[in-house]
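[1] Test case, fold it:
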Amino acid sequence: MKPSLPVSFTLLKFCRTNSGAFSVADLESLAGFVLAQEGYKGEAALTLAFTTPARIRSLNRRFRGVDRITDVIAFCQNRRPLEGDIAINLPQAAIQAREMRHPTRHEIRLLLVHGILHLLGYTDYEEKARRRMFRRQNGLLRCWERRVK
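    Numbering: from 1, shown residues only. Here you go, the predicted structure:
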C-alpha cells in the first residue's frame, strides 16, 4: 500500500455542521490516501466546502448548466500541481446516510473520495464510467477505513 501524500487542505463551512460528523484531520488524511492510491505525485491543494442545497444548485447551474441539486460537485483549477474545489451538500449527505443506513461521517468521506476522483478525471455521466468510478470510490474508502481502524 502506498503511503498518503501531504495535501494542503482547507475546509469551508457554508451551513450548520455537526462537528461529530467529520474531522478535518480525518478528511485531509483520506484525501492524501486517495491521491497516493491513484498514483498522483506532487503537490495538491484542495478546498472542501460544506454547503446547502440552494448553494450547490446555484453552483451546478452556473458552472455545469444543470439546474438541480446534487450531493457533490468538483472543480479542477489545475491538474499539475493539483488544485481543486469540492463542494458537498451536507443536508443531502445526511439524507443519503440515513437511506443507506450508515453514519453521516461515512457518507461525507464517500463524497470526498468521489469529488477527488472527479478532479483526477473520472466521470460518471455514462453508465460504464459510473460503475467504474463507484467501484473505485467504494474500494478506496473501504481500504482507507480498514487502515485507520
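[2] Phi, psi for Arg101 please.
    phi 60, psi 40 (degrees, to the nearest 10).
[3] tally of neighbours for it?
    Other residues lying near Arg101 total 6 when counted by other C-beta atoms under 10 Å. Quick note: C-beta positions are derived from backbone N, CA and C, even for glycine.
[4] how about the strands in the protein?
    For the chain, the strands defined by DSSP state E cover 8-13, 44-51, 72-78, 82-89.
[5] Need these in CSV (columns: mean neighbour count).
    Below are the strands of the chain laid out as CSV (neighbours: other C-beta atoms under 10 Å):
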stretch, mean neighbour count
strand 8-13, 14
strand 44-51, 21
strand 72-78, 17
strand 82-89, 22
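[6] Save the ones you listed as TSV, and put in distance to Phe22 too.
    Formatted as TSV, those follow (distance: least, C-beta to C-beta, whole Å):
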stretch	distance to Phe22
strand 8-13	8
strand 44-51	8
strand 72-78	14
strand 82-89	10
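[7] Could you dump those strands into a markdown table and include mean pLDDT and distance to Ile108?
    A markdown table is the format used below for the strands of the chain (pLDDT from 0 to 100; distance: least, C-beta to C-beta, whole Å):
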| stretch | mean pLDDT | distance to Ile108 |
| --- | --- | --- |
| strand 8-13 | 94 | 11 |
| strand 44-51 | 97 | 8 |
| strand 72-78 | 96 | 10 |
| strand 82-89 | 97 | 6 |
